[in-house]
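J.: what follows is a predicted protein model with its sequence.
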Amino acid sequence: MTRLITSFIDGEFQSPDGARLFDKRSPVDGRVIARIAEAPQAEVDRAVQAARAALLGDWGRMPMEKRSALLHAVADEITRRFDDFVEAEMADTGQPAHVMTQVFIPRGAANFKVFADVVKNVPTESFRMDTPDGRGALNYAIRKPKGVIGVICPWNAPFLLMTWKLGPALACGNTVVVKPSEETPLTAALLGEVMAKVGVPRGVYNVVNGFGPKSTGEFITTHPKVDAITFTGETRTGTAIMKAAAEGMRDVSFELGGKNAGIVFADADFDAAVDGIFRSAFLNTGQVCLGTERVYVERPIFEHFRDALKAKAEAVRYGRPEDHHSTYGPLISQEHRDKVLGYYQRAVDEGATVVTGGGVPDMPAELKGGCWVQPTIWTGLKDDASVVREEIFGPCCHLRPFDSEDEVVALANDNVYGLSTTIWTQNLTRAHRMAERIEVGITWINSWFLRDLRTPFGGSKQSGIGREGGVHSLEFYTETRNVCVKL
Ligand SMILES: NC(=O)C1=CN([C@@H]2O[C@H](COP(=O)(O)OP(=O)(O)OC[C@H]3O[C@@H](n4cnc5c(N)ncnc54)[C@H](O)[C@@H]3O)[C@@H](O)[C@H]2O)C=CC1
Ligand SMILES: O=C(O)/C=C/C=C(\O)C(=O)O
């Protein structure tokens, strides 16, 4: 069945009449699974107006307790409709059921619950000051919602990443105009049904679909009545959005690309390190901004590690996401596959040894139209090879031996990105020391993608601007104002 997805504005799905429709194809087999109505400027205008009206209306006046309770109800309804969300996200991304059921969809519900509680428990500061008359004055800070937030989302973990922004935005009392990626519109639409069902006031959550430049995305980011923009995606897109946000001095929060280093010392728990690096390179078919595309392995275990990682990569089971035997899915689109395969070719041109993969797997006839690529491991590239320096966002990594802590810290830092790193060693003193020296927003030690949602999350260097998570999200989603009372 081909679904029809339209904008969700002021609590209602819009009519497709007169809309320009575009196709959403399954990454698994290339079939058209949905037709999406692209929101023109006028529809974005209506979404922003609805969001502003809600700010001035029921939502803006709602006590924090009630707002928080409503967000818990949203999370509960997501959990009640868990299977629908799993099905929608699998259809959009083609990723295996276990990734949806264990990671992506539960995180969607958690993103609402955590921030519904955080906002109720964060104090604001207060300063008592002296005054010349001796009576003094009292300053206290208050937090106010920033207003209408433009939420621009990527396709790689659509529901997790969208709700990671919506949870704090709504908990803080803002309203939102969301643009899902053109590749993954389904769960954002489903969330509209959830919002309406649990009684989130009209206009609080609005969704408009479409593309980026000269389309819906740009209509949001250039809209003068959008007060701030949160975005996850490519660094170049972040640059374009930042330019748009400069007009009107609007605030931005960006989570951008990465070219993350994984570091494995000879004293690491070997099997745990192989498992950890395997997951960090190949989970979600490598389409994770936190993923590891550069792996540095201490020389004494280099060959052993390479062979163990190769064996795991060659054991992935390709297949339809709903088939519980599948462990590995396709890339998101043919366009993205062309990009990744371009890097596979470039690696060879740059002199790599292909340890495994490097091409397209031989799929059964009914899946040949999908966006499949092999998990790929290289060795032997120079440190300045483009494949070692640029974000590929595919299921691939380059392994390189190292001999000392100083050398590997320098290698890890030798990149324009600084999102995350994963260090595998039993010497925790060394690991702590390295965590202080590696220029990234998030360091995992003997783990990867282990998320406590209260912690600061974001990138250094060209990997982002700002931190979200726990109280840090409040820095972006609220404006702190000071009140000074003369006593
Ligand atoms: N989490 C991450 O770090 C992600 C990184 N990427 C990287 O980006 C590459 C391209 O993927 P895309 O989905 O095309 O990423 P992208 O950054 O172009 O798009 C992400 C979102 O931004 C919107 N957008 C694009 N240009 C815009 C503009 N000028 N104004 C407003 N909105 C705009 C898109 O429609 C989409 O919703 C990937 O190959 C990967 O390398 C992609 C997705 C997530
Ligand atoms: O766990 C989070 O909050 C964010 C995860 C980010 C990604 O998976 C990504 O952008 O690829």
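T.: Here it is on my side, so go on. Ligands and ions are numbered 1, 2, ... in the order given.
J.: for the closest residue to ligand 1 within the stretch 251-400 of the chain, give me its contacts.
T.: Residue nearest to ligand 1 within the stretch 251-400 of the chain (Cβ to the nearest ligand atom): residue 289, separated by 3.0 Å. For glycine as for every other residue, the C-beta is placed from the backbone atoms N, C-alpha and C. Residues in contact with residue 289 (Cβ atoms under 8 Å, 6 or more residues apart in numbering) are 156, 232, 255, 256, 257, 258, 393, 419, 463.
J.: buried among these? Make that a ChimeraX selection.
T.: Applying 16 or more other Cβ atoms under 10 Å to the contacts of residue 289, the buried members can be selected in ChimeraX as follows:
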select :156,232,255,256,257,258,393,419,463
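J.: out of the contacts of residue 289, the closest to residue 123 would be?
T.: When the contacts of residue 289 are ranked by distance to residue 123 (Cβ to Cβ), residue 255 comes first, at 26.8 Å.
J.: in terms of helices and strands, where is the closest residue to ligand 2 within the stretch 351-487 of the chain?
T.: Nearest residue of the stretch 351-487 of the chain to ligand 2: residue 451, at 4.7 Å (Cβ to the nearest ligand atom). For residue 451, there is no host helix or strand (DSSP states H and E).
J.: so can I have CSV of the contacts of residue 289 showing pLDDT, secondary structure and distance to ligand 1?
T.: Listed next are the contacts of residue 289 as CSV, based on pLDDT from 0 to 100; DSSP: H, G, I helix; E, B strand; the rest coil; distance: Cβ to the nearest ligand atom, whole Å:
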residue, pLDDT, secondary structure, distance to ligand 1
156, 98, coil, 5
232, 98, strand, 5
255, 96, strand, 6
256, 96, coil, 6
257, 95, coil, 5
258, 97, coil, 6
393, 98, coil, 3
419, 98, coil, 8
463, 97, coil, 8
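J.: how about the residues of the stretch 201-350 of the chain by ligand 2?
T.: On the criterion Cβ under 6 Å from any ligand atom, ligand 2 has as its neighbours in the stretch 201-350 of the chain the residues 232, 255, 288, 289, 290.
J.: and residue 56, how many neighbours does it have?
T.: If you count neighbours by other Cβ atoms under 10 Å, residue 56 ends up with 11.
J.: for residue 203, see how far away it is.
T.: Using Cβ to Cβ, to the nearest Å, residue 56 is found at 10 Å from residue 203.
J.: over to residue 391?
T.: Distance, residue 391 to residue 203, by Cβ to Cβ: 37 Å.
J.: residue 107 now?
T.: Between residue 107 and residue 203 the distance, using Cβ to Cβ, works out to 26 Å.
J.: of these two, who's got more company?
T.: residue 203 (27 against 19).
J.: quick one: contacts for the more buried one?
T.: Taking Cβ under 8 Å, 6+ apart as the test, what residue 203 contacts is 9, 10, 11, 50, 51, 52, 53, 54, 57, 59, 175.
J.: would you double-check that the fourth one falls in a strand?
T.: No. Under DSSP: H, G, I helix; E, B strand; the rest coil, residue 50 sits outside any strand and is assigned helix.
J.: rewinding a little: list buried residues within the contacts of residue 203.
T.: Looks like these have 9, 10, 11, 50, 51, 52, 53, 54, 59, 175 buried, using 16+ other Cβ under 10 Å.
J.: so which of the residues you listed also contact ligand 2?
T.: Okay, of those, nothing touches ligand 2 (Cβ under 6 Å from any ligand atom).
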